[in-house]
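Q: Predicted model follows, preceded by the sequence.
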Amino acid sequence: MPRIRTPTTLLRGVEHLFVVDPEAVEPLTEQLEGRRPMRLPLAAQMVPDEVPGFGDRANDVAFVGAWPAGFEGRFEGELESILDAAADHRLVILRTERGMTPDALPERFASFVRSVPSTAELADAFTYSRIVVGFDPANMGRSAVPQVSFDAPAAGSVLVAPNHSGTRSLFRYTGLFAKDCEAARDEMRRVLGSEEEWTEMSEAGRRAILHAHTYSNRLATIASSAGFRVVPDALPDAEVA
């Protein structure tokens, strides 16, 4: 972004260089005179060993994320469209008790807000939600791939997100993507109306995280640059209980 200035003089002196933004690879390769940075995988912060199935999840659709003042424009419109569609499917908007201060959340969504005791229990809520909205206005990266997009599939939740290039490139076959309210409503109705469809997507999303987006995967990538072979943790036998 315009406010970021990459210290290329410093980077020319380091032995190994990693980036998480795929769009940074090509320009840095040019600036560093042919040295190509290695892309470091993003990672889920919590990966449960087992996750509940469709019938054991209390929430149909959950949204976790603050709504900061000044959040506006295209991204706001896309997120509101998804939440409007989710309102037809037992939407819950989860906040910590400490975070229940007034914010810029549109008034029509106020009745869906529920409090949980702590930040840790926000992450646990993913395990008990069939679908999680993969967008966080307070944590919106350049490629629009917030942390929730990794933590939710790790918990076996199906991701529904705006049709942004970053999230789509990572979860093209394991998430639901919508450009407007009608598309979001159709996608959620399809998946929530079929336990078989939901289970297939849940397992595919969880596999995507376990195979490529854990801290073990990040460690293996870093170690490989120094000539060490580190094998990430094996997948658990039971992915969806």
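A: The structure has been received and is ready for your questions.

Q: Counting residues, name the longest helix you see in this structure.
A: helix 195-212 (DSSP state H).

Q: From the contact counts, what lies against the helix or strand just after that one?
A: Counting by DSSP states H and E, the element after helix 195-212 in chain order, helix or strand, is helix 215-225. Applying 3 or more CB pairs under 8 Å, 6 or more residues apart in numbering; DSSP states H and E, one finds that helix 215-225 contacts strand 18-19. All C-beta spots, glycine's among them, are computed from the backbone N, C-alpha and C.

Q: who does the strand it packs on pair up with?
A: strand 38-39 (parallel) (DSSP bridges).

Q: tell me the secondary structure for the residue most central in space within the chain?
A: Note on the chain: the residue nearest the mean C-alpha position is S149, at 0.6 Å, using CA atoms, centre = their mean. Under the three-state scheme (DSSP: H, G, I helix; E, B strand; the rest coil), S149 adopts helix.

Q: and if you look at R35?
A: coil.

Q: Which residues are in contact with it?
A: 12, 17, 29 (CB atoms under 8 Å, 6 or more residues apart in numbering).

Q: Check the spacing between it and P41 real quick.
A: 20 Å (CB to CB, to the nearest Å).

Q: any weak-confidence spans in the chain?
A: 1-6, 99-102, 140-144, 233-241 (pLDDT under 70).

Q: quick one: buried residues of the longest helix of the chain?
A: 198-199, 201-206, 208-210 (16 or more other CB atoms under 10 Å).

Q: Looking at those residues, spot the one nearest A220.
A: L210 (13.0 Å; CB to CB).

Q: Ignoring the adjacent residues along the chain, who's closest to the residue nearest to the centre of the chain?
A: Excluding the flanking residues, the one nearest S149 by CB to CB, 6 or more residues apart in numbering is G134, at 4.3 Å.

Q: Test my guess that the residue nearest to the centre of the chain contacts S169.
A: No. If you go by CB atoms under 8 Å, S149 and S169 don't touch, sitting 11.2 Å apart.

Q: gap between the closest residue in space to V19 that isn't next to it in sequence and E200?
A: Counting by CB to CB, 6+ apart, V19 lies nearest to P37, which is 4.7 Å off, once chain neighbours are set aside. To E200, P37 is 35 Å away according to CB to CB.

Q: With L83 instead?
A: 25 Å.

Q: Tell me if E26 really is in a strand.
A: No. E26 is assigned helix when assessed by three-state DSSP, not a strand.
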